[in-house]
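Asker: whatever this is, show me its structure:
(one chain, ligands or ions: 1)
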Amino acid sequence: MPVSEVMEYVLASICQPGDNSAVVFEADDTRNWEQETLNSFVADGVLKQYKPAVTVTCRGCDRLCRRPVVRLTAINGKPARRFITCPYFDQVATMNIQEQRVRRWRSSIYRLAVYVSDALGLPKPKPSRTKGEVHVGQIRGPNGRRKVKLVNNGKLVLQVGEGSVALSDVMFLDDNALHIRTEEIWAIADEERSGATEKSYEPCKTKQKENKSATETRDHNILREARWLKRVNPDWNRKRIIAEIAKQPFAQRTSGERKHLSVGRIEPILSGKS
Ligand SMILES: [Zn+2]
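Answerer: Have a look, this model is predicted:
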């Protein structure tokens, strides 16, 4: 299997059961992968080591028969070994099975959802009771909050508010390491809502917002802008972010004349000490 197809293969396999149940990958399924690719899936938690296989596919005959693995423990100075026997193979009665061949890994939609939530900086999602979908969390863009869900529609789709993207379009392997284009997920979250279908989304919050004083609204905007700036410019430090916010029209005194807040006044707002 070419490296370029590994990601598609993993996502398609996880999709297969149609619900949230675990999928098991055997050593034979991953035998053409680079070791680093496998390591990356395990390190990122998408694959988790599972108990060894009790049967393997026979390579002795041409029937691809499934044979039980017999395991002999070390005895009388002879090392432990595993083997299978195949009734369709007439030359050798037994075939040794190396430890690597019985290795297995487990994955599921939930494991993928945890990976996505972690990449988005969200808390770990709860396991889902709904078949074929996991609630990843909520992300906040300039146009409000968006629910993020990982759904099995025959393929794995990430729903972000009203928008969606196939997981295979944003998850990829580069240099045998697993990556996800979170900026594309944020971009969907930042889109304006097309209709009023989600208007009943957070009615209480909307009400609260109306009642907020001008200062509260301004501070809220400053915090939101700071988070937004940090997201689009991950290398900016706090000082740079504050300097940028100070230029914004909403960062002004809320009483008296229109005058911008100083850098020293923005700092405590960001620290929650205003
Ligand atoms: Zn066989």
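
Asker: point to the residue nearest the middle of the chain.
Answerer: Residue closest to the average C-alpha location in the chain (CA atoms, centre = their mean): residue 116, at 1.9 Å.

Asker: my guess is residue 143 contacts residue 187. True?
Answerer: No - in this structure, residue 143 is not within contact of residue 187 by CB atoms under 8 Å, at 11.7 Å. C-betas here are computed from N, CA, C, even on glycine.

Asker: who's in contact with the residue nearest to the centre of the chain?
Answerer: With contacts taken as CB atoms under 8 Å, 6 or more residues apart in numbering, residue 116 has the following neighbours: 136, 148, 150, 158, 167, 180, 185.

Asker: neighbour-wise, which of those leads?
Answerer: Taking other CB atoms under 10 Å as the neighbour criterion, residue 136 ranks highest of the contacts of residue 116 with 27 neighbours.

Asker: need the strands for the stretch 101-250 of the chain, in chain order.
Answerer: Using DSSP state E, counting those that start in this stretch, the strands of the stretch 101-250 of the chain run over 104-107, 133-141, 144-152, 156-160, 163-166, 171-174, 177-180.

Asker: so which of these is the most packed in?
Answerer: With neighbours defined as mean count of other CB atoms under 10 Å, these peak in mean count at strand 156-160, which reaches a mean of 21.

Asker: Three-state assignment for residue 36, please.
Answerer: Using DSSP: H, G, I helix; E, B strand; the rest coil, the three-state assignment for residue 36 comes out as helix.

Asker: state the number of residues packed around it.
Answerer: Other residues within reach of residue 36 by the criterion other CB under 10 Å amount to 13.

Asker: wait, it touches residue 176, no?
Answerer: Yes - counting by CB under 8 Å, residue 36 does reach residue 176; the two are 3.7 Å apart.

Asker: hmm, back to that, with mean pLDDT as extra columns, can I get the strands of the stretch 101-250 of the chain in CSV?
Answerer: CSV is the format used below for these (pLDDT from 0 to 100):
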stretch, mean pLDDT
strand 104-107, 97
strand 133-141, 94
strand 144-152, 95
strand 156-160, 96
strand 163-166, 96
strand 171-174, 93
strand 177-180, 93
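
Asker: closest one to residue 271 among the ones you listed?
Answerer: Shortest distance between residue 271 and these, using CB to CB, is found for strand 133-141: 19.4 Å.

Asker: where does the protein dip in pLDDT?
Answerer: Residues of the chain that meet the criterion pLDDT under 70 lie in 91-93, 194-217, 220, 249-250, 252-260, 262, 272-274.

Asker: get me the contact residues on it for the ion.
Answerer: Applying the criterion CB under 5 Å from the ion, the portion of the chain that neighbours the ion consists of 58, 61, 65, 86, 88.

Asker: how about the helices of this protein, start to end?
Answerer: 3-15, 35-43, 109-119, 167-170, 182-190, 203-211, 214-232, 238-246, 263-270 (DSSP state H).

Asker: hey, which of the ones you listed is tucked in deepest?
Answerer: Here the criterion is mean neighbour count by mean count of other CB under 10 Å, and of the helices of the chain the winner is helix 109-119, at a mean of 21.

Asker: circling back: out of the residues of the chain next to the ion, which end up buried?
Answerer: Among the residues of the chain next to the ion, the ones that count as buried by 16 or more other CB atoms under 10 Å are 58, 65, 86.

Asker: could you dump those to a markdown table with distance to residue 101?
Answerer: A markdown table is the format used below for those (distance: CB to CB, whole Å):
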| residue | distance to residue 101 |
| --- | --- |
| 58 | 11 |
| 65 | 15 |
| 86 | 15 |
